[in-house]
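Visitor: Here you go, sequence then predicted model.
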Amino acid sequence: MRRKIISIDKEKCNGCGLCIPNCPEGAIQMIDGKARLISDLFCDGLGACLGHCPEGAIAVEEREAGPYDERKVMENIIRQGPNTVKAHLRHLKEHHEMGYLKEAMAFLKEKGVALPGWNGEDGRPSAGHQGCPGSRSMSFENRKQATSQAPDAPSELAHWPIQLHLISPMSQQYRGADVLLAADCSAFSAGNFHSRFLKGKALIIACPKLDEGQDVYLAKVQALIENAIINTLTVLVMQVPCCSGLLKLAKQAAEQAKRKIPIKAVVLSLQGEVLQENWA
């Protein structure tokens with residue numbers, strides 16, 4: 001059957017991975033360093049991923065393709081957690097795909113999957129932000145207060161500059177160093193950022209969603225591994241979907257580099273708690 005479906009220009013794709021968290025259906029995966037449409041059955045052709053590719057590699061075209069299968073999509077999505085399910089349901093509702101929405105809601109009911117914050121069978125989301133999870137407004141009223149304060153605690157920052165566009169991979173501070181590649185927001189979320197994450201490391205900061213020139217970022221991280229001969233790389237990101245692009249970029253650079261180094265991935269909650277810490 002002929003229908004609308006996305007296409008990805010492999011020549012333009014730089015492998016940044018920013019499209020992946022913006023495809024709730026899971027139709028796109030990174031394969032051999034490039035974004036790929038893994039199945040016609042998962043792509044609804046509505047283009048949730050459009051506008052998230054810095055290289056303009058994604059487009060919607062009309063061609064022969066297998067029919068979109070909402071049940072198969074839901075089987076894939078529920079494994080990714082309630083926030084991804086909600087993003088998919090909002091996506092369907094915003095594009096007035098009420099038939100697919102009802103099918104999705106029926107599937108969730110059949111599987112006994114509850115969605116806190118989702119308002120019932122009519123598919124209307126609860127009031128509030130409906131865009132990117134990383135820009136949703138919230139307040140941390142129940143945040144635990146620190147029992148002791150150290151207002152004059154010294155900074156562990158040992159060099160300048162630190163922004164990835166501004167640093168030189170061959171600067172002396174990176175040669176043979178343990179490097180911390182941190183998402184911009186992480187230092188503001190983690191109260192112990194300096195003592196817990198930065199101490200003893202050379203710092204680089206970047207935002208995988210808002211910064212332009214991801215190809216430059218990829219080349220610089222690869223140069224740090226190959227030419228600066230860094231010792232280890234710790235990638236510190238937030239739990240929001242767009243932040244995963246920074247870890248994907250680091251992994252891609254490591255795969256392309258001629259020498260191999262250990263990479264640690266640390267994921268913070270919005271309140272600075274460590275949700276995940278492991279060697280990637």
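Guide: Thanks, I have the structure now. Please read these numbers as outputs of a predicted model, since none were measured by experiment.
Visitor: The stretch 51-200 of the chain: helices as residue ranges?
Guide: Along the stretch 51-200 of the chain, counting by DSSP state H, counting those that start in this stretch, helices occupy 70-77, 82-94, 98-111, 186-189.
Visitor: CA atoms of the third one as PDB?
Guide: Only the C-alpha atoms of helix 98-111 are listed here, as PDB (Å, rounded to 0.1, in the frame of the first residue of the first chain):
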ATOM      1  CA  MET A  98      -8.400   9.000  17.100                       C
ATOM      2  CA  GLY A  99      -8.700   5.500  15.600                       C
ATOM      3  CA  TYR A 100      -5.100   4.600  16.500                       C
ATOM      4  CA  LEU A 101      -5.500   6.300  19.900                       C
ATOM      5  CA  LYS A 102      -8.600   4.200  20.800                       C
ATOM      6  CA  GLU A 103      -6.700   1.100  19.600                       C
ATOM      7  CA  ALA A 104      -3.700   2.100  21.800                       C
ATOM      8  CA  MET A 105      -6.000   2.700  24.900                       C
ATOM      9  CA  ALA A 106      -7.700  -0.600  24.300                       C
ATOM     10  CA  PHE A 107      -4.300  -2.400  24.200                       C
ATOM     11  CA  LEU A 108      -3.200  -0.800  27.500                       C
ATOM     12  CA  LYS A 109      -6.500  -1.800  29.100                       C
ATOM     13  CA  GLU A 110      -6.100  -5.300  27.800                       C
ATOM     14  CA  LYS A 111      -2.600  -5.500  29.200                       C
END
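Visitor: For whatever helix or strand residue 204 lives in, give the mean pLDDT please.
Guide: In the assignment (DSSP states H and E), residue 204 maps to strand 202-206. Per-residue pLDDT values across strand 202-206 average out to 97.
Visitor: got the angle between the helix or strand just after that strand and strand 202-206?
Guide: The element immediately downstream of strand 202-206 (helix or strand, assigned by DSSP H and E) is helix 214-226. An angle of 160 degrees separates the directions of helix 214-226 and strand 202-206 when computed by axes from the mean of the first three to the mean of the last three Cα atoms, to 10 degrees.
Visitor: quick one: contacts for the residue positioned nearest the centre of the chain?
Guide: With distances taken as Cα atoms, centre = their mean, the residue of the chain nearest its centroid is residue 244 (2.6 Å). When contacts are counted by Cβ atoms under 8 Å, 6 or more residues apart in numbering, residue 244 is found next to 17, 20, 21, 208, 237. All C-beta atoms are positioned from the backbone trio N, CA, C, and that covers glycine.
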